[in-house]
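[1] this one's structure only:
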């Protein structure tokens, strides 16, 4: 229930296009997009997050990745990683 | 001198073991010194001998194999599901998902991540960190950077491509000249190149006839191979429909392709009604159907075609400047020019150096040729109208490039200096009105900016070592493609200073062209006046001299020759007179005055005439020696008058 509420709140913010929850194996648990797009995002972003995390930890083993933002011409992809799950939000940040 | 010692042994004694024994030394040959030879010794002093000490070096070559890169896509398939769950089955996946969502860990994690995420989302909504902050400040207008250009791509015919196809043949594929280039009208990412060998009768048996369409993203392999029945000399995209291309062949036929239909021509014109020489120019016309084109060739004809029916031309014109329409008198056409804004007029550049302007809609064939401009000594290789001022056009031929105005027919209004190598092609820039490009047969590309500097090109780039044969500017004006004799096409991007329009440039260019046109008109008028005066005066003189009425041709010829040489002699003397006063011993005939176009002699304007001077000078000396001295002061007097009038 709280999960629902949280996700709904995030989705309601201005400019948010989509929200996704992916588990550690890349399986989409919760998504607001269609399946094929979700699968694509899941596969790609999961690998990217793993790479980013390993980069951060290589530089400083005490450090860890807390948040990842990819800003592109069209929108911004925000990834909040955890040990087991990944929360991905795609937002269009134009003012 | 041979020293021979003969040693004999019987055959039966071969193979016996040797027994060695000591013997005292014995003199075999004694050659005493010969004092008589001492006299043939030459003492050498000093003696040159050299010593060299360098480190040992060895030479190695390394050549990497060319890597072929291909773009491919990756297909994502859903994965990661645990073994027992089939991802296609909706029920199983839903069950799995529900199970996960019930997990406590999941709930905590999501709540935690959710707050983090919300913070960032709100941040984004609050400030857009990438917005334009200083948009009002304009960039400085002055371009101080020197003009430059850099090569962005080199497309050369891939010999390994051929090796794969023709593995049994000789790997040396005959290189053909890239004779014509045409950019794709819309995307400007594709380039059609026509390859053919323009050497007369040097076509090898294994030379392929193909021409290619290249995609710039992929310079290793052509996007489409066009296979005509004879090599293409010229190739053009249809500006309205970018799938159609028309090509003129080496044997005179015209063919057209549809890129959607593959590499073979959709239709080829019949041989009997086509040209009889290679088709050097083919351009699409503006028409409602978008299917009309016309072509020109060195057999002296210009033919109009409708590509839907290539079995016979719709119209034809014979380039005979005596306006009789005789094919024997016709001049061979080498380039063709057509401006879409003036659809009935077009221009042809000929092998003889004359540019003919024609009107298609004239009533009678003789009137089709409106005017001729002659100014080049060799074939006119390129002809282009200025996209900003349609009355001004550029011709490129022999060793110069000339700018003409349609109104002045006698000579060009501006020209470049004489180069050391032939100019092979030229075109105007599409963005700047006074910039044009020329290619030379020593492999150099010149960019001229006539507003800035008229003596030299603004930028001169050595593109390759072999002659450059064709040139084409992309529609945006920044990228230029040059084709060379060995088939390599090089793409260059020019610096922005040469391809962006400055604020007052158009006005300045207009002013410059008008000024030059006016100057030429004035010169023309003056020359005409002088000629009339000459004629009037010589008519007056005729009545005084007696033996005028009947003269056989030989005498006329002699008289003409005499007068001619006398004029030269007088001119040379006039030039060398002030010279000999100051510089003693200067060679006759190499004296130069600074004025080119203002000379009253009819052959003024150009450094090519200095050698003519020298040859005639010697002959003129002999002829003038026997000539009448009485005529000389009169000629000189005329010279002075003309000079005063000029």
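    Okay, I see it. What you see is a predicted model, and the numbers here were worked out from it, not measured in a lab.
[2] which parts of the stretch 101-250 of chain B are strands?
    For the stretch 101-250 of chain B, the strands defined by DSSP state E, counting those that start in this stretch cover B:149-155, B:177-183, B:190-196, B:211-215, B:224-226, B:232-237, B:244-249.
[3] relative to strand B:190-196, how tilted is the fourth one?
    It stands for strand B:211-215. Put simply, strand B:211-215 runs at 160 degrees to strand B:190-196, going by axes from the mean of the first three to the mean of the last three CA atoms, to 10 degrees.
[4] partner strands of strand B:211-215 and their direction?
    In the sheet, strand B:211-215 lines up against strand B:190-196 (antiparallel), strand B:224-226 (antiparallel) (DSSP bridges).
[5] in this structure residue A:43 contacts residue A:26, no?
    Yes: if you go by CB atoms under 8 Å, residue A:43 and residue A:26 touch, sitting 5.8 Å apart. For glycine as for every other residue, the C-beta is placed from the backbone atoms N, C-alpha and C.
[6] so which of the strands of the stretch 101-250 of chain B is nearest residue B:73?
    Minimum separation from residue B:73 across those (CB to CB) falls at strand B:211-215, 17.2 Å.
[7] coming back round to it: worst average pLDDT in the strands of the stretch 101-250 of chain B?
    Of all the strands of the stretch 101-250 of chain B, mean pLDDT reaches its minimum on strand B:149-155 (a mean of 63).
[8] show me which residues of chain A sit near chain B.
    For chain A, the residues in contact with chain B (CB under 8 Å from any CB of the partner chain) are A:2-3, A:6-7, A:9-10, A:13-16, A:21, A:23, A:25-27, A:29-30, A:35, A:39-40, A:42-44, A:66-67, A:69, A:71, A:76, A:78, A:80, A:82, A:84-85, A:87, A:89, A:91, A:93-95.
[9] which of the residues you listed count as buried?
    With neighbours counted by 16 or more other CB atoms under 10 Å in any protein chain shown, the residues of chain A next to chain B contain buried members at A:3, A:6-7, A:10, A:13, A:16, A:21, A:23, A:26-27, A:29-30, A:39, A:42-43, A:76, A:78, A:80, A:82, A:85, A:87, A:89, A:91, A:93.
[10] among the residues you listed, which lie within helices?
    In this view, these that belong to helices under DSSP state H are A:3, A:6, A:7, A:10, A:39, A:42, A:43.
[11] out of the residues you listed, who's nearest chain B?
    residue A:6 (3.6 Å; CB to the nearest CB).
[12] nearest spatial neighbour of the closest one, chain-adjacent residues omitted?
    residue B:114 (3.6 Å; CB to CB, 6 or more residues apart in numbering or on different chains).
[13] equivalent analysis for residue A:74, please.
    residue A:92 is the one closest to residue A:74 (CB to CB, 6+ apart), at 7.4 Å.
[14] isn't residue B:424 up against residue B:441?
    Yes: between residue B:424 and residue B:441 there is a contact at 5.5 Å, judged by CB under 8 Å.
[15] can you map out the strands along chain A?
    Using DSSP state E, the strands assigned to chain A run over residues A:16-23, A:28-31, A:68-71, A:76-81, A:85-91.
[16] need the strands of the stretch 101-250 of chain B in a markdown table with mean neighbour count, can you?
    Shown next, in a markdown table, are these (neighbours: other CB atoms under 10 Å in any protein chain shown):
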| stretch | mean neighbour count |
| --- | --- |
| strand B:149-155 | 15 |
| strand B:177-183 | 25 |
| strand B:190-196 | 25 |
| strand B:211-215 | 22 |
| strand B:224-226 | 19 |
| strand B:232-237 | 26 |
| strand B:244-249 | 27 |
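[17] quick one: contacts for the closest residue to residue B:391 other than its chain neighbours?
    Closest residue to residue B:391 apart from its sequence neighbours, by CB to CB, 6+ apart: residue B:406 at 4.6 Å. Residue B:406 makes contact with B:357, B:371, B:391, B:392, B:393, according to CB atoms under 8 Å, 6 or more residues apart in numbering or on different chains.
[18] phi, psi of the closest residue to chain A within the stretch 251-400 of chain B?
    Proximity of the stretch 251-400 of chain B to chain A (CB to the nearest CB) peaks at residue B:260, 30.6 Å away. Per-residue torsions, residue B:260: phi -80, psi -20 (degrees, to the nearest 10).
[19] the residue nearest to it when sequence neighbours are not counted: neighbouring residues, count only.
    Once flanking residues are discounted, residue B:260 sits nearest to residue B:243: 5.4 Å by CB to CB, 6+ apart. For residue B:243, the count of nearby residues is 12 (other CB atoms under 10 Å in any protein chain shown).
[20] any idea how far residue B:243 is from chain A?
    Plainly put, residue B:243 is 31 Å away from chain A if you go by CB to the nearest CB, to the nearest Å.
[21] what of residue B:506?
    Look at residue B:506 and chain A: by CB to the nearest CB, they are 35 Å apart.
[22] wait, that residue touches residue B:433, no?
    Yes: at 6.0 Å, residue B:506 counts as touching residue B:433 under the criterion of CB under 8 Å.
[23] if we can go back for a sec, so the residue nearest to residue B:260 sits against residue B:259, correct?
    Yes: with contact defined as CB under 8 Å, residue B:243 reaches residue B:259; the gap is 4.8 Å.
[24] can you show me the helices along chain B?
    Using DSSP H, the helices of chain B run over residues B:90-102, B:104-126, B:159-165, B:505-544, B:553-582, B:609-626, B:631-645.
[25] and the ones you listed, which one averages the lowest pLDDT?
    helix B:159-165 (a mean of 37).
[26] identify the residue spatially nearest to residue B:412, adjacent ones excluded.
    Distance criterion CB to CB, 6+ apart; nearest residue to residue B:412, sequence neighbours excluded, is residue B:402 at 3.7 Å.
[27] beta partners of that neighbour?
    residue B:395, residue B:415.
[28] tell me the contacts of it?
    Counted by CB under 8 Å, 6+ apart, residue B:402 has contacts B:375, B:376, B:394, B:395, B:396, B:412, B:414, B:415, B:416.
[29] gap between the nearest residue to residue B:231 once chain neighbours are set aside and chain A?
    Nearest non-adjacent residue to residue B:231, counting by CB to CB, 6+ apart: residue B:196, 3.5 Å away. Noted for residue B:196: a distance of 45 Å to chain A, by CB to the nearest CB.
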